[in-house]
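S.K.: sequence and predicted model, in that order:
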Amino acid sequence: MRIVVHGQEAFGKSVLEALLERGENVVGVFCAPDKEGRPEDPLKVFARERGLEVHQPNSWKNEEVWEHMRSLEPDLCVMAFVTLFVPQPALDIPKLGTIQYHPSLLPLHRGPSSINWPIIMGRKETGLSIFWPDEGLDEGPVLMQKTVPIGSDDTLGTIYFNSLFPMGVEAMCESVDLVREGKAPKVEQDHSKKTYESWCRKKDAEIDWSKGVQEVHNLIRGTDPAPGAWTMNGDVQIQLYASTMVDGDGAPGEVLDISDDGITIAAGGGAVRVGRVRPAKEKKIGAAEYAQGAGLSAGARLG
């Protein structure tokens, strides 16, 4: 098959690399436009190293972009982490259609921060979907899904880098095989069960220490490493990472203990111990090191 890869960043690069290692005929690569002051996209750099034609349209709502896609005579388009909206006429250009990766079990957690929210909400599992995109937001029929358990101390980082990233690359390759063999399903999503969440941003990551300890723990790990759950130490904003739930009793936000293992902070019905801290505009450091430098001691109140 003649395959076009449309994606960006490390995941897009890894999907392209895997397809090329399998001997797939990749006839073109599309990725996001360059951003001023930022390094070139890893997918773009890798594709050019492999001698592939790279295209970076500012918008897919453009007949000229569609014509260029048609000139590649693709059988299949593989979308690996795409943030630009792609209209239906472009999705339909490849003879066998377009498939896309999404890191949730659709129709759950449609939207751009679909790894953060299941953890923040306390779900016990998440997963990935390879689906046939349409003009709806993550609404197209599903080709394949894989489930991933969420452990009690899993974070955004561990779920993505240990599970959803490598499994996603494998699932994209498996899906390409199913398309080639004419065995790729198109299972309509149950839209009555859909959930949608927008970006998980800084405003969503402020810790309310009066909330239950499980909810606080979920917020910290669901935003670790980004956008980073935060609280105030006096007039200094700090982000907290590497959370575990521990026994403890105190007023909400009270520092109960400081040890080499971290800072223990009271929340509703218990406490969390955080192992790393990032003061505003600084790098992450060990929580005990931060406490020593900031003069933080047991009995202080955060928040």
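M.R.: Great, that's in hand.
S.K.: centre-most residue in the chain?
M.R.: The residue lying closest to the centre of the chain (C-alpha atoms, centre = their mean) is residue 115, at 5.0 Å.
S.K.: pLDDT at it, what is it?
M.R.: pLDDT recorded at residue 115 is 98.
S.K.: now it: how far from residue 80?
M.R.: Separation of residue 115 from residue 80 (C-beta to C-beta, to the nearest Å) stands at 15 Å. The C-beta positions use only the backbone N, C-alpha and C, and glycine is treated the same way.
S.K.: do a quick rundown of the strands in the stretch 151-300 of the chain.
M.R.: 229-233, 236-246, 255-259, 262-267, 270-279, 285-286 (DSSP state E, counting those that start in this stretch).
S.K.: of all those, which lies closest to residue 216?
M.R.: Nearest to residue 216 among the strands of the stretch 151-300 of the chain is strand 262-267 (4.3 Å), distances taken as C-beta to C-beta.
S.K.: kindly calculate the angle that the closest one makes with strand 236-246.
M.R.: Between strand 262-267 and strand 236-246, the angle comes out at 90 degrees (axes from the mean of the first three to the mean of the last three C-alpha atoms, to 10 degrees).
S.K.: for strand 262-267, C-alpha coordinates in CSV please.
M.R.: These are the backbone C-alpha positions of strand 262-267, laid out as CSV (Å, rounded to 0.1, in the frame of the first residue of the first chain):
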residue,chain,number,x,y,z
GLY,A,262,9.3,13.7,50.8
ILE,A,263,6.8,16.1,52.3
THR,A,264,3.7,14.7,53.9
ILE,A,265,0.6,17.0,53.6
ALA,A,266,-2.8,16.5,55.2
ALA,A,267,-5.9,16.3,53.0
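S.K.: that one pairs with which strands?
M.R.: strand 255-259 (antiparallel), strand 270-279 (antiparallel) (DSSP bridges).
S.K.: next, the buried residues of the longest helix belonging to the chain.
M.R.: Longest helix in the chain, counting residues (DSSP state H): helix 165-180. Under the neighbour-count criterion of 16 or more other C-beta atoms under 10 Å, helix 165-180 has 165, 167, 168, 169, 171, 172, 173, 175, 176, 179 buried.
S.K.: coming back round to it: want to throw the strands paired with strand 262-267 into CSV with mean neighbour count?
M.R.: Converted to CSV, these look like this (neighbours: other C-beta atoms under 10 Å):
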stretch, mean neighbour count
strand 255-259, 17
strand 270-279, 21
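S.K.: kindly reformat those as TSV containing mean pLDDT and distance to residue 102.
M.R.: Converted to TSV, those look like this (pLDDT from 0 to 100; distance: least, C-beta to C-beta, whole Å):
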stretch	mean pLDDT	distance to residue 102
strand 255-259	98	40
strand 270-279	98	29
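S.K.: out of those strands, nearest to residue 214?
M.R.: Nearest of the strands paired with strand 262-267 (C-beta to C-beta): strand 270-279, 8.0 Å.
S.K.: now do the closest one against strand 229-233, angle only.
M.R.: 80 degrees.
S.K.: please compute how far strand 270-279 lies from its chain's middle.
M.R.: In this view, strand 270-279 has its centroid 22 Å away from the chain centroid, taken as C-alpha atoms, centre = their mean, to the nearest Å.
S.K.: who touches it?
M.R.: Strand 270-279 is contacted from outside by 213, 216-217, 220, 228, 236-250, 256, 261-265, 284-287, 290-291, 294, using C-beta atoms under 8 Å, 6 or more residues apart in numbering.
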